[in-house]
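*Asks:* below are the sequence and a predicted model; questions follow.
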Amino acid sequence: MVRSARHFFEDAIKFARNSFASENRWICAGFLLTLLSGTVIRIYYLWHPIRYDEALTRVISYRPIVKVVTDYFAPNNHLLHSILVKCTSRIFGDTLAGIRVPALLAGIVLIILVFVLASALYDRKTALIASVLTAFSSTLVEYSVLARGYTMLLVFFLLTFTLGAYLLRTNNGFAWIMFSIFSALGFYTIPTMLYPLGVVVVWMIISALAGSKKMVNLVSFFKRLFLSLSAAGIVTVLLYLPIIVNGSYKIALDIPESRRLHWGDFFPSLKETAKLTWSMWMRDIPLILAVLFVCFFIVSVFAHRGISDHRIHPIFSVALWLCPVIFVSRVISPLRVRDWLFHVPVFHCGVAAGIVFTLRGLRLSDKKKRIALFLCAIVLIVLLGSFLLHFNGISSSEEGGRCNEAEEIAVFLKGILREGDRILAYCPCDLTIAYYAEKHGIAGEYLYGNVFLGKRLIFAVNRVPIYSQSIESVLAYGGIDYKKVKGSIKLIKRFECTDIYECYLR
């Protein structure tokens, strides 16, 4: 095992050295520029208004550590992420940066891992373009600054995928152990690791059966694959054992988007999910550029054997694994398009491979091709960065429950509150307003006191259609009879997406 570990780290060091070799310095320079600019754009969005899911993550992480790891009272409790948020919020304080640091660091690491994966699947030229696409993907930037566990899940997915490509050539024992550990950590972050890990495992199996230019002994490979997955499964069960014993995992299974659909509902839901997923992938990208990206991806599929040492394109493993899983489980919802977020880096690798293959076909000298590719990377950085900032889809995204004016509402409420008042709101306004209310010194009595002991009720109604809120629904949420207070209801302030009303309870 020590020998395997030594070989593994020697290969990693060799890869790093080759990346900085004289013939690859222009690629290295382009990648460092990409990493720096991708980090800057993420830090730029780090302080955008808190979302509902993030505020719930904050509530979870402020519970005792025993409660965090044993109580799955909300599917929002991405366990490993919640533990890290608990640590970083103690280091950086109860701030947006404090709760977003784990997701931010994972989002930055994501750029590096896409470069490494694309290098393993194709070459460093492809890796450069793929890293640019990842660095300036509107969706990936958004999830890099949302205090959720999805970028961490992507990190573990890319680590297992990269290790899978490495293991097809080496069958290294230490790498198999790392494969198990990263798989288990992915599951401990979010159980939906089942989807991306399944894609990786299927790709490894069909790649091994199809053979490659450098292939290990099949019997030994499949034996170690079985042992590695078994070990990952055992570790995952042990990590989730407290939650399994107390039965709190059932909450995640009872939410509407986790339920098995009837066939009559399944196909409309599948169609809507596919539509929203595509919109998410291509957000802040003009249609003509989106079409070009799809064309380059298709080129990578048909030209795959000529541009990769691995004979199987990842898209085939996606189809072979996800299609049966989705149709057998019939668990799919437009509310959970983020479950398919792991496709985005794979898509970027394919698009980059198609671009590089197309450039290779040009009648240019090697030097001019290198210059053309470097310029292509620079142009993509400028274009995608400009589109991201201009269209600003992150600010208008409803992912995670948006209430951008929550701080304005909190400041307004602080100026009008008086003794005996109570504040009422629900998703996405309740936790977001509460977060800023605490920051501005509004006493907890107004936020969490018994509504029926109050005299005046101030309540928020979000006008965004997807939340389907109304005066009646918000009052019903607080247990207030609309008919009894109807005569005293008065609109006192209108914000961008939220109306503030008051009524008298007695």
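*Replies:* Thanks, I have the structure now.

*Asks:* mind checking the end-to-end distance for stretch 401-411?
*Replies:* Across stretch 401-411, the terminal residues are separated by 20 Å (Cα to Cα, to the nearest Å).

*Asks:* list the contacts of it.
*Replies:* 48-53, 395-396, 427-429, 432-433, 435-437, 439-440, 442, 460, 462, 464, 493, 495-498, 500 (Cβ atoms under 8 Å, 6 or more residues apart in numbering). Using the backbone N, CA and C atoms, a C-beta is placed for each residue, glycine as well.

*Asks:* hmm, 6 Å instead?
*Replies:* For stretch 401-411, contacts defined as Cβ atoms under 6 Å, 6 or more residues apart in numbering pick out 49, 51-53, 427-429, 432-433, 436-437, 440, 495-496, 498.

*Asks:* and that stretch, which residues are buried?
*Replies:* 401, 402, 403, 404, 405, 406, 407, 408, 409, 410 (16 or more other Cβ atoms under 10 Å).

*Asks:* please report phi then psi for residue 311.
*Replies:* Main-chain torsions, residue 311, degrees, to the nearest 10: phi -80, psi -20.

*Asks:* pLDDT wise, what is the nearest residue to it once chain neighbours are set aside at?
*Replies:* Leaving aside its chain neighbours, residue 311 sits nearest to residue 210 (4.6 Å; criterion: Cβ to Cβ, 6 or more residues apart in numbering). Residue 210 is assigned a pLDDT of 85 by the prediction.

*Asks:* and residue 210, how far from residue 312?
*Replies:* Residue 210 is 6 Å from residue 312, where distance means Cβ to Cβ, to the nearest Å.

*Asks:* domain parsing of this protein, as residue ranges.
*Replies:* 27-252+265-394, 406-504 (automatic domain parsing).

*Asks:* residue 2: which of these is closest?
*Replies:* Residue 2 lies closest to domain 27-252+265-394 among these, at 8.5 Å (Cβ to Cβ).

*Asks:* quick one: contacts for the residue nearest the centre of the chain?
*Replies:* In the chain, the C-alpha nearest the mean C-alpha coordinate belongs to residue 150, at 3.2 Å (Cα atoms, centre = their mean). Applying Cβ under 6 Å, 6+ apart, we find residue 150 in contact with 143, 338, 341.

*Asks:* in the stretch 101-250 of the chain, what residue spans correspond to helices?
*Replies:* 124-135, 138-144, 150-170, 173-189, 194-210, 218-246, 250-254 (DSSP state H, counting those that start in this stretch).

*Asks:* the stretch 351-500 of the chain now?
*Replies:* So, for the stretch 351-500 of the chain - with DSSP H, counting those that start in this stretch - the helices run 366-391, 393-396, 406-416, 429-439, 444-448, 471-477, 482-485.

*Asks:* narrow the contacts of stretch 401-411 to those that are buried.
*Replies:* The buried subset of these - by 16+ other Cβ under 10 Å - is 49, 51-53, 427-429, 432-433, 436-437, 495, 498.

*Asks:* any residues touching the helix or strand where residue 321 lies, and which ones?
*Replies:* Under the criterion of DSSP states H and E, residue 321 resides in helix 314-329. Applying Cβ under 6 Å, 6+ apart, the contact partners of helix 314-329 are 198, 199, 202, 203, 301, 332, 346.

*Asks:* point out where this structure drops to low pLDDT.
*Replies:* Applying pLDDT under 70 to the chain flags residues 212-215.

*Asks:* 50 - rerun?
*Replies:* Regions of the chain meeting the criterion pLDDT under 50 are absent.

*Asks:* let me know the outermost residue of it.
*Replies:* Max distance from the centre of the chain (Cα atoms, centre = their mean): residue 506, 46.5 Å.

*Asks:* distance of the nearest residue to it once chain neighbours are set aside from residue 50?
*Replies:* Closest residue to residue 506 apart from its sequence neighbours, by Cβ to Cβ, 6+ apart: residue 455 at 6.1 Å. Look at residue 455 and residue 50: by Cβ to Cβ, they are 30 Å apart.

*Asks:* which residues touch residue 130?
*Replies:* Contacts for residue 130 (Cβ under 6 Å, 6+ apart) come out as 114, 118, 348, 349, 352.

*Asks:* so is the fourth one in a helix, a strand, or just coil?
*Replies:* Of the three states, residue 349 takes helix under DSSP: H, G, I helix; E, B strand; the rest coil.

*Asks:* what's the closest of the helices of the stretch 101-250 of the chain to residue 66?
*Replies:* helix 218-246 (8.7 Å).

*Asks:* related to what we said a few turns ago, show me which pair in the buried ones among the contacts of stretch 401-411 is furthest apart.
*Replies:* 53 and 495 (20.5 Å).

*Asks:* quick one: the nearest residue to residue 313 once chain neighbours are set aside from residue 350, how far?
*Replies:* Using Cβ to Cβ, 6+ apart and skipping the chain neighbours, the partner closest in space to residue 313 is residue 304 (4.4 Å). Separation of residue 304 from residue 350 (Cβ to Cβ): 9 Å.

*Asks:* of the two, who's got more company?
*Replies:* In terms of neighbours (other Cβ atoms under 10 Å), residue 350 is the more surrounded of residue 304 and residue 350; the figures are 27 against 22.

*Asks:* I figured that one was touching residue 295, is that so?
*Replies:* No. With contact defined as Cβ atoms under 6 Å, residue 350 and residue 295 do not form a contacting pair (11.1 Å).

*Asks:* still on that earlier bit, JSON lines please, covering the helices of the stretch 351-500 of the chain and showing distance to residue 230.
*Replies:* As requested, the helices of the stretch 351-500 of the chain are arranged in JSON lines below (distance: least, Cβ to Cβ, whole Å):
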{"stretch": "helix 366-391", "distance to residue 230": "42"}
{"stretch": "helix 393-396", "distance to residue 230": "41"}
{"stretch": "helix 406-416", "distance to residue 230": "46"}
{"stretch": "helix 429-439", "distance to residue 230": "40"}
{"stretch": "helix 444-448", "distance to residue 230": "47"}
{"stretch": "helix 471-477", "distance to residue 230": "46"}
{"stretch": "helix 482-485", "distance to residue 230": "57"}
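
*Asks:* among these, which comes closest to residue 190?
*Replies:* Residue 190 lies closest to helix 429-439 among those, at 20.3 Å (Cβ to Cβ).

*Asks:* pull the CA atoms of that closest one into PDB?
*Replies:* Output of helix 429-439 as PDB, limited to C-alpha atoms (Å, rounded to 0.1, in the frame of the first residue of the first chain):
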ATOM      1  CA  CYS A 429     -39.400  35.600   3.200                       C
ATOM      2  CA  ASP A 430     -39.500  34.200   6.700                       C
ATOM      3  CA  LEU A 431     -35.900  33.100   7.300                       C
ATOM      4  CA  THR A 432     -34.300  35.700   5.000                       C
ATOM      5  CA  ILE A 433     -36.100  38.600   6.800                       C
ATOM      6  CA  ALA A 434     -35.300  37.000  10.200                       C
ATOM      7  CA  TYR A 435     -31.600  36.800   9.200                       C
ATOM      8  CA  TYR A 436     -31.400  40.500   8.500                       C
ATOM      9  CA  ALA A 437     -33.700  41.400  11.300                       C
ATOM     10  CA  GLU A 438     -31.300  39.900  13.800                       C
ATOM     11  CA  LYS A 439     -28.400  41.700  12.100                       C
END
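
*Asks:* could you give the angle of it to helix 406-416?
*Replies:* 60 degrees (axes from the mean of the first three to the mean of the last three Cα atoms, to 10 degrees).

*Asks:* give me the residues contacting helix 429-439.
*Replies:* 50, 52, 55-56, 403, 406-407, 409-410, 425, 447, 460, 462.

*Asks:* how near is residue 489 to residue 410?
*Replies:* Distance, residue 489 to residue 410, using Cβ to Cβ: 22 Å.

*Asks:* what number of residues lie near residue 108?
*Replies:* As a burial measure, residue 108 scores 18 neighbours (other Cβ under 10 Å).
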